[in-house]
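[1] show me how the following folds:
(chains A, B, C and D)
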Protein chains: 4
Amino acid sequence: MIRFNSDYGEGAAPQILERLAATNLEQSPGYGEDAHCQEAARRILDQVKAPGVQVHFLVGGTQTNLTVIAAALRPHQCVLAAQTAHINVHETGAIEACGHKVVTLPTRDGKITAQDIREAVESHYRDPSWEHITQPKMVYLSCPTEVGTLYSLSELEAISALCREKKLYLFLDGARLGYGLTAPACDLTLPDLGRLCDAFYIGGTKQGALFGEAVVLTHPALQEDFRYLMKQKGAMLAKGRLLGIQFEVLFEDDLYWELARHANRLALHLRERLTALGVSFFIDSPTNQQFPILPNRVLDALKDRYSWSFWEAVDGERTAVRLCTSWATREEDVDAFLQDLEEALAR
Amino acid sequence: MIRFNSDYGEGAAPQILERLAATNLEQSPGYGEDAHCQEAARRILDQVKAPGVQVHFLVGGTQTNLTVIAAALRPHQCVLAAQTAHINVHETGAIEACGHKVVTLPTRDGKITAQDIREAVESHYRDPSWEHITQPKMVYLSCPTEVGTLYSLSELEAISALCREKKLYLFLDGARLGYGLTAPACDLTLPDLGRLCDAFYIGGTKQGALFGEAVVLTHPALQEDFRYLMKQKGAMLAKGRLLGIQFEVLFEDDLYWELARHANRLALHLRERLTALGVSFFIDSPTNQQFPILPNRVLDALKDRYSWSFWEAVDGERTAVRLCTSWATREEDVDAFLQDLEEALAR
Amino acid sequence: MIRFNSDYGEGAAPQILERLAATNLEQSPGYGEDAHCQEAARRILDQVKAPGVQVHFLVGGTQTNLTVIAAALRPHQCVLAAQTAHINVHETGAIEACGHKVVTLPTRDGKITAQDIREAVESHYRDPSWEHITQPKMVYLSCPTEVGTLYSLSELEAISALCREKKLYLFLDGARLGYGLTAPACDLTLPDLGRLCDAFYIGGTKQGALFGEAVVLTHPALQEDFRYLMKQKGAMLAKGRLLGIQFEVLFEDDLYWELARHANRLALHLRERLTALGVSFFIDSPTNQQFPILPNRVLDALKDRYSWSFWEAVDGERTAVRLCTSWATREEDVDAFLQDLEEALAR
Amino acid sequence: MIRFNSDYGEGAAPQILERLAATNLEQSPGYGEDAHCQEAARRILDQVKAPGVQVHFLVGGTQTNLTVIAAALRPHQCVLAAQTAHINVHETGAIEACGHKVVTLPTRDGKITAQDIREAVESHYRDPSWEHITQPKMVYLSCPTEVGTLYSLSELEAISALCREKKLYLFLDGARLGYGLTAPACDLTLPDLGRLCDAFYIGGTKQGALFGEAVVLTHPALQEDFRYLMKQKGAMLAKGRLLGIQFEVLFEDDLYWELARHANRLALHLRERLTALGVSFFIDSPTNQQFPILPNRVLDALKDRYSWSFWEAVDGERTAVRLCTSWATREEDVDAFLQDLEEALAR
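    Sure thing, here's the model as predicted:
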C-alpha cells in the first residue's frame, strides 16, 4: 500500500534522527531553555530578518493555534477566519474551549480577502448592538490553506494593512509553510511574513520533523508572557531541546526548504500528468496537496494499492480526493500511481 | 415619542409592583429558597403538567441560556442552532465563553427543521475525522424565533423525536413564550413543551415582569446540581423571592397569558391594517413582533414621533423595521401610528 | 420569627419602590443606556470625585466579581485574595470558571496586608520556575470583609502603593460598602477608594436596593470594552433602568449612607449590650455584622423566635453566630432579642 | 558539568532511538490510530490486567492532567489535591484554565489521606451553603509525589474505597510511576492501580522516552469520547505512532521497569552514602529523587562541577536540594559527586 493520504505519514528526515541520536546523552535544561532551542531560534531569526522578534517551539498545530489565540484575545473578542479554516472545522472546538468565538467568512478557495475582513469589522461597529456581538480582534489565515492555495504578496499586504488600520492581530498558520513558500507560484518570503504578520508559525510536523511548530511572534503584546501561556496549555515540552534540535537541523544548509521543494516538484508533476490525462481538479492548488476529481470506478480499481483522503462527492460517479506528497514521497511511487491510474482511466 | 422598539421598554405590570410593595417587609431566606419561589414553581408546574420537573428562576435571557447550556454539555460538545439564533449573534459569545461552539444551521424564517438537525448529526458521525469536530449534543430553538415565527406542534414533535433518537438535549428559549403560545396561529401548549423538551424557559422580562425567566428542566441530567451552576454563573439572585413573587403574580388568574394576548391582538391589528395599506413584510410573523418594509421617506416623516428597531435595508429606498407591541402597549398609540403612517404613505 | 441571618432578607427601601412605581410606564432604551442610569452614574461620580471614571450597574455580587476579574486578567494571571474571601469560598468557583486561579493569603481577621502581597509577588518572580506558576496581577479586597472588619486609610494606601509598584490591579468588593464607610471606626471615604483602587463597587443588594451593584472603574484598561464583558457574562440587565432608578434614589439626599448608618447604629448597640452581658466575640467587627460567641443552651432557647447564621463551633458548648442588622432592621426587634437573650443567659 | 537537576535532562533510552530509526519510513495513519499504538496499548493492558480498560498516549504531564480532569468534571466540580500537588503549583493554572478549582488539602510529605478527603467531602455537604461552594468530584494523587514519597497499598485501598463511597473519581498522576513501583519500599503494583483508580498514567518523559505519557482509563465515564478531549486540548499527536513506538519498546522485555530500577538503585546508593556522611534529609524519599540538606559552603564548593535543583532554604547556613537520578544517570558520576561532596564536607 502506497499512501498519499497525508504529509505526516512517515517519521522524520534522516538528518533529524541522526542528530537526535548524536545529542542523545547531552544533559540540558528543560522546557526550551537549552542551547539547541537558542541556536534554532537564531537560525530562524536570521531568515525572518525582522527586529524584536521572539521564536517559541511547540509540539503541534492545534496546540499552537489555541495557545497563540488565547494569548492574544480578551474574553469578548473573536477571531475571523475562513469558513473552511482548520480552527473552525478540525480542532474539536479548541478555540471555543479557550472562550473565543471563531467568526467565519465565506470562501471558495480557502482564502479570505481584505475586503471581506473590512466589511466584517465595519459592520460590527455599524451595528447599534455592537456590544452584544463578539468583537473582531484577530484574523487567522493559513498559507497554504486547507486546499493548498496561496496568498499572494499583494493580498497579504492588503490584509496586513487593513489589520493595522483596524487594530486586529494578524496570525498566519504555517503548518505547511515550506510547501507554500517554495511553490513556484508563490511570491511571498519569510521576511514578508515577519514584516506583515503579528504571529505566524513554521510547520515542522508536516515537513520533515517528527513534530514541532516554530512560532514567530513579532507583536510585543503577543510576546508578553507567552511562555506562561505555553505552560498552561500543556504546550511546553519538558525536553524542549527535542524541538530545538529538529529546527536546528531543518534550518541548517537549507534543509527545510529543500524537503518542501521535493514535495512540490512531485505534486506539480502529478498535477501536470493528471491534466494531460484529462483529469479536472476540485481546486487549482500550486502546492503539495492536489485535489483531482476521479471516476469512482477508477478509485475502486486503485484502492488496494494506493490510498488518499476522501474530499467530497462531486456527483454519483465522481469523487474529489486529496493526494498529498511530502518530503518523504518517492518519485517511483508517484510514477507507479500515475501509470496505474492511466490504465484504469483507459479501461 | 412613542416607542415600538422593543417589548422591554417599560417597567412591570402594575399587579407585580403592587405585590412587591405588599411583601416588601417580609423577611425571607435568600437565593430562591423562600416560600414565594416555591409557590410560583408550583403554579408553573400545575400548568406544565409533567412529572419529575424542576423550576428555577433566573434574571435574564443570556444568563439563562449560558447556564442551561453549561449545565448540559461536556467540553467537546456543541449546541446546534439557527444561524440567526440569539445565542449565535447577540450574546457576545456567552456560550463560547463557557467553552462551547454554537454550530449553526441555515434558516430563512428563524426556524430549523428535524431534517436539518438529522443531517448535521449524521454527517458528523459519517466524517472519518469526527473526533476532530465538536460533537452535537444539544439543539437550541427559540419560540417565537428572533423574527416572531412559531414552531408547530408537529414540527416540535419531529424535532423532539429526532433528539431522543440521537441522544441530543432539546432546549427551547422562551424569552417571548407567552406571545408565542397565545398567538392565534399557535397549536403548541405548555404541556407540549413539558413533554417534548428537556429544558425550556418562560420569559418574564419581555412579558410584564421587571425581569426574570422561569426555567423548566424536565431531563434529570440537566436537573442535577443545577443550582450550583446558577451560583457559579452569577445567576442566583440574593433576594430570589423577587423572582418568586413576580412569577406568583404572573401565574395567578392567568395574568401571564392575558398580557401576552393583549400584545398579540395589537400586533395583528397592526399587521392587518398595514397589509390593507399595501405594505409588505420582511417575514410573516404571527406574534408581537412585526417586520414591515417601509419607504425610507415614510420612516423619515415618522421618526420624530415614533421609534422602532432597524432590521435590514431592503434596497436603496426601502427598509425593513421591527415594530414590537407588548403587554404595555396602548391601543391609542398603535392607532395614532397607523393614522400618521397612512398619511405619510399617501403623501 | 425575627431574622438576623442576613442583610438581604427584606425587599427594598420604600423610596425605591415608590420611584419604581412612579416611573413604571416611562418608555426607555434597554441595557443601561437610559437617562436614569446616566443620572445615577453622575450622582455617584459626584461623590467619588475622581476624573476619568466609569460607572456600570450590575445585578449581584458574584456576577460583579467575575465580570470585573474576567475583564482584567489574561489567561495565565491570578488574583490574590484572603483565604476567607468571598471569591474563594462562596461563589462556586466562579472565578475559576472564567479561567483564573484565586491564590490565597492567610488571614486571621479577613484582611490581607501590603507586606503579605509583596511577599507573594516577589516570591513569584524569585522562583526559577515562575513561568510554571500563575502570575499575580490583581489584588481582591473586601471592605468590610466577610467578618465585618475594615481596612484603615493607611492600610489601603500601603496596598495601593504596592499594587502600583508591582503593576497589580487593585479591586475592592464593596457589597457592604455603606456599612463600612459609615462605621464610626472607619477613616476611609469614597474619594479615597476612587483614588486608591482600580475598580470597586458600591453594593445595593445588601443596603436597601432590591438588587444592584454600582461598579466604579478608574483604570482605563478595565474600562475598555467593559460593557461587552457585562453582556457576555449575562450581567447586562435588559431593563437596565431598574438599576439606574434604584441608585438614583440611593444617591439622592444621602439615602444610601443613612440606611447604612441605621444598621451600624443597631449593630453597635448590640455589640455594646452583649459585651455588657459578658458575651465575647469571634472577631471584633465595627460594622453591621456581629459575631458573638453564645452558649448552645442559650441559642436553643432563642431559636424559635429568632434566627441567625451559624458561623463556627467554638467548643462543645459554645458557638459563634453571625447577627446582621440592615437598613430594614427594627430597633424594637433588636431590643426584644437582647432582652430574651439576657433572660436566657441568666437562667 | 554533571547534572542531577532532573530526570528529563537527556534524550531517550537508545533502544527507543533505534526503533524510531528502524520504523522511520513506514507509512501509517495519524492521530494514534496506527498499529504501534495498538500494540503498545496491548502490552500495557497485559500488565494492568483489568477488564474494559482504555489506553491513550499523550505527550506530556500537564497536558495529560488537564485533559483527564476536563474530561471528568462538570463546571461546578473541583478536584481535591495535596497543597503541594503539581496541578496546584506548577502548571500555571492549567486546571483553572479548564474552569475548575483545585481544592487543596494540607500535607507534610506530599501525600493526602482517606481521612482528610472524607472530611473535605463531608464538610462540603454539611455546609448549609453547599451550592455556593465547588463540589468535590475527583481526587488527584501523585505516586511518587513531588517529594518522592509513595502511597502504600493499604493507603491507596482506603482512598479508593472512600472515593467509591462518595462517588469521586480517583486519578493518579504517574509521571514517575516506574520509579515508584520499582522502589524496594513499594508494595503497589500496576494491577493494583488498574483495580483501585479510575484513571492513572504511566510516565514516559521522565523514564526513558523522548516524551509521552500512557493514560489508563478504567472508569467508563472517563473513557467516553476521550479522544475528542485529546484533540481539543492539543493533546492528539499527528504522528501518534511516535508514542506507540516508544511505549512498545518500553513495555518489551521489561525495559520500562529496568530503567527505573537503575535510577532507584543509584538514588538509594546516594541516600545511604549521604546518611553515612551524617547528612540529614528534608524528607525521607524511597525513590529516584533525594532531598539532602547540605551546608551552603559545600554547595558553593560543588556548584561548578555539579548541578541540582534548589528546594528550600533551611536556615541561613543550610539548604535542602533535590538530586535526581534517572534511567540515564551513570554510576561513575554519582561516585564522583559523592567523593567530591565528602571532601567538601570534610574541609
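[2] going by neighbour count, list what's buried in stretch A:15-30.
    Judged by neighbour count using 16 or more other C-beta atoms under 10 Å in any protein chain shown, the buried positions of stretch A:15-30 are A:15-17, A:19-21, A:23-24, A:27-30. (C-beta placed from N, C-alpha, C; glycine too.)
[3] report the rounded mean pLDDT for that stretch.
    The average pLDDT for stretch A:15-30 rounds to 97.
[4] quick one: that stretch near chain C?
    No. Figure legend: stretch A:15-30 not in contact with chain C (C-beta under 8 Å from any C-beta of the partner chain); closest approach 9.9 Å.
[5] endpoints of that stretch, how far apart?
    Using C-alpha to C-alpha, to the nearest Å, the end-to-end distance of stretch A:15-30 comes out at 23 Å.
[6] what about it, near chain D?
    Yes. Using C-beta under 8 Å from any C-beta, stretch A:15-30 reaches chain D at A:17, A:20-21, A:23-30.
[7] over to stretch A:172-181?
    No. Using C-beta under 8 Å from any C-beta, stretch A:172-181 stays clear of chain D, with a minimum separation of 9.3 Å.
[8] kindly export that stretch (C-alpha atoms) in PDB.
    In PDB, the C-alpha atoms belonging to stretch A:172-181 read as follows (Å, rounded to 0.1, in the frame of the first residue of the first chain):
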ATOM      1  CA  LEU A 172      -0.800  33.100   9.900                       C
ATOM      2  CA  ASP A 173      -1.000  29.300  10.400                       C
ATOM      3  CA  GLY A 174       2.000  27.900   8.500                       C
ATOM      4  CA  ALA A 175       1.600  24.200   9.300                       C
ATOM      5  CA  ARG A 176       2.700  23.700   5.600                       C
ATOM      6  CA  LEU A 177       4.600  26.900   5.300                       C
ATOM      7  CA  GLY A 178       7.500  25.400   3.500                       C
ATOM      8  CA  TYR A 179       5.300  23.800   0.800                       C
ATOM      9  CA  GLY A 180       3.800  27.300   0.400                       C
ATOM     10  CA  LEU A 181       6.900  29.500   0.200                       C
END
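[9] pick out the residue in the stretch 1-150 of chain A sitting closest to chain D.
    A:Q63 (3.0 Å; C-beta to the nearest C-beta).
[10] quick one, phi psi at that residue?
    phi -60, psi -40 (degrees, to the nearest 10).
[11] and what of the one 5 residues further on?
    As for A:V68, its main-chain torsions (degrees, to the nearest 10) stand at phi -60, psi -40.
[12] rewinding a little: which of the residues of stretch A:15-30 next to chain D sit farthest apart?
    A:L17 and A:P29 (23.0 Å; C-beta to C-beta).
[13] just the element for the closest residue to A:L196 other than its chain neighbours, please.
    Excluding the flanking residues, the one nearest A:L196 by C-beta to C-beta, 6 or more residues apart in numbering or on different chains is A:S160, at 3.9 Å. Assigned by DSSP states H and E, A:S160 belongs to helix A:153-166.
[14] what's the closest non-adjacent residue to A:L17?
    Closest residue to A:L17 apart from its sequence neighbours, by C-beta to C-beta, 6+ apart: D:A21 at 5.1 Å.
[15] can you pull the phi/psi pair for A:E91?
    Per degrees, to the nearest 10, the backbone of A:E91 is at phi -130, psi 30.
[16] neighbours around the spatially closest residue to it that is not a sequence neighbour, how many?
    What sits nearest to A:E91 in space, not counting adjacent residues and going by C-beta to C-beta, 6+ apart, is A:T62, at 4.6 Å. For A:T62, the neighbour count with other C-beta atoms under 10 Å in any protein chain shown is 28.
[17] show me what contacts the residue in the stretch 201-347 of chain A positioned nearest to chain C?
    Residue nearest to chain C within the stretch 201-347 of chain A (C-beta to the nearest C-beta): A:Y228, separated by 3.7 Å. A:Y228 is in contact with C:76, C:131, C:134-135, D:92, counting by C-beta atoms under 8 Å, 6 or more residues apart in numbering or on different chains.
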